[in-house]
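*Asks:* Could you look at this predicted model? Sequence included:
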Amino acid sequence: AQTVTQSQPEMSVQEAETVTLSCTYDTSESNYYLFWYKQPPSRQMILVIRQEAYKQQNATENRFSVNFQKAAKSFSLKISDSQLGDTAMYFCAFMTSGSRLTFGEGTQLTVNP
Amino acid sequence: DTGVSQDPRHKITKRGQNVTFRCDPISEHNRLYWYRQTLGQGPEFLTYFQNEAQLEKSRLLSDRFSAERPKGSFSTLEIQRTEQGDSAMYLCASSTPKQPQSPNEQFFGPGTRLTVL
């Protein structure tokens, strides 16, 4: 069974600074996908960034980038130039092709003005 | 593309009552997922459909829970004889393997928040 662990229940960052959220996972699969989802207060879950396990290059999406360490089973999210609108719960998630998502416990990120 | 929709958005019921939730996926998506999210936790998988076939069910889905997707479009999730422990946000998501830039990405609806008194 796959497990996803987020060891930081809460984090805070000053506006315009950089923050890194941690995620580790455990699986025996070789082909899989990793995701970071954002859930703002009282709003729906949206995808921030995805990484295919077979790709060595780390994914980037504007201010969001990941550090994917396959051997260490680590998948951290870096948010650069943090904005107030980045305040949300962030979930790391794992998926094998076409199947269920397995989520971590989440990290509540607060961006302070 | 209007996204995934769920109805109702909120439901308050008394213990022992039956409730039914509806999910309308994105129209061309053949896969539909149900998750349950309790306060402060990540969503937990409940069940998954490909077209009208229910392909996987979690052990979390007790006999009181049933899900259907009769025509491969919308889906319903019914909870019979609700218990206080059923209070949670029920999330629906849909996906398709054919999405060019992000195959199998799951798009989530706004959820139905269930409160069992």
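*Replies:* Sure thing, it's come through. Numbering: from 1, shown residues only, chains lettered A, B, ... in the order given.
*Asks:* secondary structure element for residue 91?
*Replies:* All of this refers to chain A. Following DSSP states H and E, one finds A:Phe91 within strand A:88-95.
*Asks:* switch to chain B, that's the one I care about
*Replies:* strand B:88-95.
*Asks:* And the closest residue to chain B within chain A, its phi and psi?
*Replies:* Chain B sits closest to A:Phe103 of chain A, with a gap of 3.2 Å, by C-beta to the nearest C-beta. Every C-beta, even on glycine, is put in place using the N, C-alpha and C of the backbone. Per-residue torsions, A:Phe103: phi -100, psi 150 (degrees, to the nearest 10).
*Asks:* My read is that it contacts B:Pro43, right?
*Replies:* Yes. Using C-beta atoms under 8 Å, A:Phe103 is in contact with B:Pro43, at 5.2 Å.
*Asks:* re earlier: in terms of secondary structure, what does the strand holding B:Leu91 contact?
*Replies:* strand B:5-7, strand B:19-24, strand B:31-37, strand B:75-79, strand B:107-108, strand B:112-116 (3 or more C-beta pairs under 8 Å, 6 or more residues apart in numbering or on different chains; DSSP states H and E).
*Asks:* mind running it again at 7 Å?
*Replies:* Packing partners of strand B:88-95 (3 or more C-beta pairs under 7 Å, 6 or more residues apart in numbering or on different chains; DSSP states H and E): strand B:31-37, strand B:107-108, strand B:112-116.
*Asks:* List the beta-bridge partners for the residue nearest to the spatial centre of chain A.
*Replies:* The centre of chain A sits closest to A:Trp36, judged by C-alpha atoms, centre = their mean, with a distance of 3.2 Å. Per DSSP bridges, the residues bridged to A:Trp36 are A:Ile49, A:Cys92.
*Asks:* ok, A:Phe103 and B:Pro43, which is more surrounded?
*Replies:* Neighbour totals were compared for A:Phe103 and B:Pro43, and B:Pro43 leads with 28 against 23 (other C-beta atoms under 10 Å in any protein chain shown).
*Asks:* Apart from its neighbours in sequence, what residue is nearest the more buried one?
*Replies:* Closest residue to B:Pro43 apart from its sequence neighbours, by C-beta to C-beta, 6 or more residues apart in numbering or on different chains: B:Tyr35 at 3.8 Å.
*Asks:* So the residue in chain B that chain A sits nearest to, which state does it fall into?
*Replies:* Nearest to chain A, among the residues of chain B, is B:Gly42, at 3.2 Å (C-beta to the nearest C-beta). Look at B:Gly42: counting by DSSP: H, G, I helix; E, B strand; the rest coil, its state is coil.
*Asks:* Could you report the pLDDT at the nearest residue to it once chain neighbours are set aside?
*Replies:* Computed as C-beta to C-beta, 6+ apart, the closest residue to B:Gly42 that is not its neighbour in sequence is A:Phe103, at 3.2 Å. A:Phe103 carries a pLDDT value of 96.
*Asks:* before we move on, back to that, what strands line up against the strand holding B:Leu91, and which way round?
*Replies:* Going by DSSP bridges, the partners of strand B:88-95 are strand B:31-37 (antiparallel), strand B:107-108 (antiparallel), strand B:112-116 (antiparallel).
*Asks:* Specify the stretch among those that is closest to B:Lys11.
*Replies:* Closest of the strands paired with strand B:88-95 to B:Lys11 is strand B:112-116, at 5.1 Å (criterion: C-beta to C-beta).
*Asks:* Please work out how many residues are found near B:Phe49.
*Replies:* Neighbours around B:Phe49, by other C-beta under 10 Å: 22.
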